[in-house]
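I would like the atomic coordinates for the input below:
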Amino acid sequence: MYETSIVGKYQPVVIGIDHGFSLIKSYHHIMSNGVAKTSGKPPVLENSLYYNGNYYAIGGSRMTVNEDKTENDNYFILTLAVIAKELKTRGIEKFAKVVLGVGVPFKRFGEEQQNLVDYLTRSGLIAFEFEGQELTIVIQKVICYPQCFAAIADRISNMEGRYVVADIGSWTKDIVCIDNKRINVEQSVTISHSIITLFQGMNSAIYAKTGKRIPEDILQDFILGKEVILPFDVKEIIEQQLMEFAHKTEGQLNEYGFDIDYSNIIYVGGGATIMRRFAPDRANVSYLEDVRLNARGYELLAKSQLNRS
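Numbers count the residues shown, from 1 in each chain. A predicted model of the protein is given here:
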């Protein structure tokens, strides 16, 4: 056991985490945000977590969307799992002092950021097991940043002229306007309902035609261009829904005053692949398809902030 008196000897490990409504992401890892309490120690320890007297299976079917991620311990349990994965990847065993970089939707930053910081801030030593490995951590600090901004934080210094960055996530679309390297906060927006709503619409249309529903992971693989086993008429429905989603997203940009013909457009996140594959080709559009970009941005920004302090 690590006494609190010796914790100060350890250098903090900065870990960026994107607590998504479908996936939870860190610098190196991506997994579903599913959390399920089990009746006892599971027979297979892979993706299992033991904390506060309970075992949890991590990474199954995603949680039902709840706008308030701080309502219960699920996202904290996920945070511990991601911390464990990152520490293992970085070759750190047994103990770590952790600084978390996290985020909330861009236009909800003022109203949501403190709740998330308070939720993730826990005092003292936190002991848990992940995949049978005992770990003890201290969460030294939690720093919150706006989504979308974090995804392009390392690029803003090169953004001459007007840029519109659309971060199309599972539940929200964050649209950030950048004029000559400066964020135009007033013109930036957060729109609710995104890819999860798209999947729900797909399955409603598929069910109406076939009486069946398609798991979201198969729909996601289809979007990514992976080989999936689906009937031709189901693929047609999915493709039609994806084209409509892309068209609607471009329409939303225009509706909020972003001229998609005369701005540099950057699509970020899980929806960037949809826009690349199903929206019209435009010379002024680019795509950042790594869904970990916000998490990596949170980590970059947190490290920079700590170095300045």
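
domains in the protein, as residue ranges please.
The chain breaks down into these domains under automatic domain parsing: 4-146, 150-291.

And the first one, how far out from the chain middle?
The offset between the C-alpha centroid of domain 4-146 and the centroid of the whole chain comes to 13 Å, using C-alpha atoms, centre = their mean, to the nearest Å.

Show me what the host helix or strand of Ala246 is packed against.
Using DSSP states H and E, Ala246 maps to helix 232-255. Judged by 3 or more C-beta pairs under 8 Å, 6 or more residues apart in numbering; DSSP states H and E, helix 232-255 is in contact with strand 162-168, strand 172-179, helix 195-210, helix 216-223, helix 270-278. Bear in mind the C-beta positions are built from the backbone N, C-alpha and C, glycine included.

Could I get the full set of helices for the stretch 51-200 of the chain?
Taking DSSP state H, counting those that start in this stretch to define them, one finds helices in the stretch 51-200 of the chain at 74-89, 109-120, 195-210.

Buried ones in the helix holding Ala246, by neighbour count?
Residues of helix 232-255 classed as buried: Val234, Ile237, Ile238, Gln241, Leu242, Phe245, Ala246, Thr249, Glu250, Leu253 (neighbour count, 16 or more other C-beta atoms under 10 Å).

Can you tell me which of the helices of the stretch 51-200 of the chain is most buried?
helix 74-89 (a mean of 21; mean count of other C-beta atoms under 10 Å).

Give the rounded mean pLDDT of that helix.
Mean pLDDT, helix 74-89: 97.

can you check stretch 161-177 too?
94.

Span of it from start to end?
Chord length of stretch 161-177, first to last residue, is 11 Å (C-alpha to C-alpha, to the nearest Å).

That stretch: which residues count as buried?
162-177.

Show me how far that stretch is from its chain's centre.
For stretch 161-177, the distance to the chain centre is 14 Å (C-alpha atoms, centre = their mean).

what do you get for stretch 229-247?
24 Å.

how about it as PDB, C-alpha atoms only?
Below are the C-alpha coordinates for stretch 229-247, written out as PDB (Å, rounded to 0.1, in the frame of the first residue of the first chain):
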ATOM      1  CA  ILE A 229     -22.500  -9.600 -44.400                       C
ATOM      2  CA  LEU A 230     -25.700  -7.800 -45.200                       C
ATOM      3  CA  PRO A 231     -28.500  -8.300 -47.800                       C
ATOM      4  CA  PHE A 232     -28.300  -5.900 -50.800                       C
ATOM      5  CA  ASP A 233     -31.600  -4.200 -49.900                       C
ATOM      6  CA  VAL A 234     -30.300  -3.500 -46.400                       C
ATOM      7  CA  LYS A 235     -27.100  -2.000 -47.700                       C
ATOM      8  CA  GLU A 236     -29.200   0.200 -50.000                       C
ATOM      9  CA  ILE A 237     -31.200   1.500 -46.900                       C
ATOM     10  CA  ILE A 238     -27.900   2.200 -45.000                       C
ATOM     11  CA  GLU A 239     -26.300   4.000 -47.900                       C
ATOM     12  CA  GLN A 240     -29.400   6.200 -48.400                       C
ATOM     13  CA  GLN A 241     -29.500   7.100 -44.700                       C
ATOM     14  CA  LEU A 242     -25.800   8.000 -44.800                       C
ATOM     15  CA  MET A 243     -26.200  10.200 -47.800                       C
ATOM     16  CA  GLU A 244     -29.100  11.900 -46.200                       C
ATOM     17  CA  PHE A 245     -27.000  12.400 -43.000                       C
ATOM     18  CA  ALA A 246     -24.200  13.900 -45.000                       C
ATOM     19  CA  HIS A 247     -26.600  16.200 -46.900                       C
END
